[in-house]
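> Take this sequence and fold it.
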Amino acid sequence: MAMDKVAMEVRQYHFPTPGKKLEIPLVSRDEKERFTFSIYRGKRSVLKCTYQELHGGQCVLVRLDLNGPKHTNPQVLLPPEGFDEYNGTEFTESHLHLYVEGYDDKWALPASDKGFIEVSEMSHLSENLMKFLDFCNVRAALDIIGVLI
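All right, here's what the predicted structure looks like:
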């Protein structure tokens, strides 16, 4: 996640309409590592959206679930570092999944802990998108256009 990334292809992308998905191939600056950035829009709620970064197209490194679905963290004796206060916590609000060795993307924390805002209007999707790309170290601006509905 900390590695700088850029889009493999410089072009315009269209923000997906409800129920649709957009995937953008990314590559590390040294071109040795491949990643995928994706956006998925909920079908029923136009304010429901998921942004995620995958390594090698399969391993979720980070996923931001905006306005659902609900998620419950594992309840364990020794939670991973940084997740102590969220051991066994159920999230009904927006939350951020982070890859944890041995747990994959099963652990989450409130999205607000990392500066993301709750989505109550369409412009919040754009604002969170820019923050998410920065959080994932996507360093060349992605040209994502389209009305966010």
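> Below-threshold pLDDT in this protein: ranges please.
1, 147-149 (pLDDT under 70).
> can you pull out the helices in this protein?
122-135 (DSSP state H).
> can you give me the strands for it?
5-7, 12-14, 21-28, 34-41, 49-55, 59-66, 71-72, 90-91, 95-100, 104-110, 143-145 (DSSP state E).
> In the third one, which residues are buried?
By neighbour count, with 16 or more other C-beta atoms under 10 Å as the criterion, the buried positions of strand 21-28 are 22, 24, 26. Heads up, the C-betas are built off the backbone N, CA and C, glycines and all.
> Distance from the chain centre to it, please.
Chain-centre distance of strand 21-28: 12 Å, with C-alpha atoms, centre = their mean, to the nearest Å.
> any residues touching that strand, and which ones?
3-9, 13-16, 33-41, 53, 138, 142, 144 (C-beta atoms under 8 Å, 6 or more residues apart in numbering).
> Apart from its chain neighbours, what residue comes closest to Gly88?
Excluding the flanking residues, the one nearest Gly88 by C-beta to C-beta, 6 or more residues apart in numbering is Gln75, at 3.5 Å.
> er, Phe37 actually
Per C-beta to C-beta, 6+ apart, closest to Phe37 is Ile24, 4.7 Å.
> cool, Tyr13 as well?
Ile144 (4.8 Å).
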